[in-house]
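>>> 3D, please:
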Amino acid sequence: MPTLVFDGDCAFCTECVELIPHRAAEQLTIVPWQFADLPALGLTPYQCIQALQFVDGARVVSGHKAVAEVLRRSGWPLKALGVAMTVPPVSWLAALTYRAVAANRQRLPGGTAACAMPRDGVRPH
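Presented below is the predicted three-dimensional model:
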């Protein structure tokens, strides 16, 4: 089963995964990176702090492409949006939007100071 790995220390990220449509959630293992077997998934903590990760066997995609994979499993019309997010020029806009949201997630609804992206890639605990 594909695995979606998110930043469990980030309240905004946690709120977002709670909004995943039931149809998609049934097809995924959804786990905070802090509780995931990262080596088995082929991931590092740095990757998981920087972006959402979607792992399906040996295939790993992150950021907007991970969001697109979730949407593709959500049924119509979200499935169409997920497909569109992987095709230029929509994919370019999706990538820019994802980066802007990730960089500002502490300022978004549900976000807290713990959501801020660390400058050195490691969040102090």
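>>> Check the model's average confidence along stretch 4-17 for me.
Per-region confidence: stretch 4-17 scores 93 on mean pLDDT.
>>> And that stretch, end to end?
Start and end residues of stretch 4-17 are separated by 9 Å (CA to CA, to the nearest Å).
>>> for stretch 24-41, same thing?
Where stretch 24-41 begins and where it ends lie 20 Å apart, using CA to CA.
>>> Longest helix in the protein, please.
Using DSSP state H to define each element, the chain has its longest helix at helix 90-103.
>>> in that helix, what's buried?
Judged by neighbour count using 16 or more other CB atoms under 10 Å, the buried positions of helix 90-103 are 94, 98, 101-102. C-beta here means a position set from N, CA and C on the backbone, and glycine is covered the same way.
>>> any idea how far Ala25 is from Val83?
Per CB to CB, to the nearest Å, Ala25 is found 19 Å from Val83.
>>> more neighbours, the two?
Neighbour count, other CB atoms under 10 Å: between Ala25 and Val83, Ala25 has more, with 17 against 13.
>>> so where do the helices sit in this protein?
Shown for the chain, the helices assigned by DSSP H span residues 11-18, 22-25, 38-41, 45-50, 64-72, 78-84, 90-103.
>>> Hey, what's the angle from the first one to helix 64-72? Just curious.
Think helix 11-18. Direction vectors for helix 11-18 and helix 64-72, defined by axes from the mean of the first three to the mean of the last three CA atoms, to 10 degrees, enclose an angle of 30 degrees.
>>> ok, back up a step: can you convert the buried residues of helix 90-103 into CSV and add a column each for pLDDT and distance to Val17?
Compiled in CSV, the buried residues of helix 90-103 are given as follows (pLDDT from 0 to 100; distance: CB to CB, whole Å):
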residue, pLDDT, distance to Val17
Ala94, 98, 18
Tyr98, 97, 15
Val101, 95, 14
Ala102, 93, 14
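>>> returning to what we had before: quick one, which of the helices of the chain gets closest to Met117.
Each of the helices of the chain was checked against Met117 via CB to CB, and the shortest separation belongs to helix 90-103, namely 5.9 Å.
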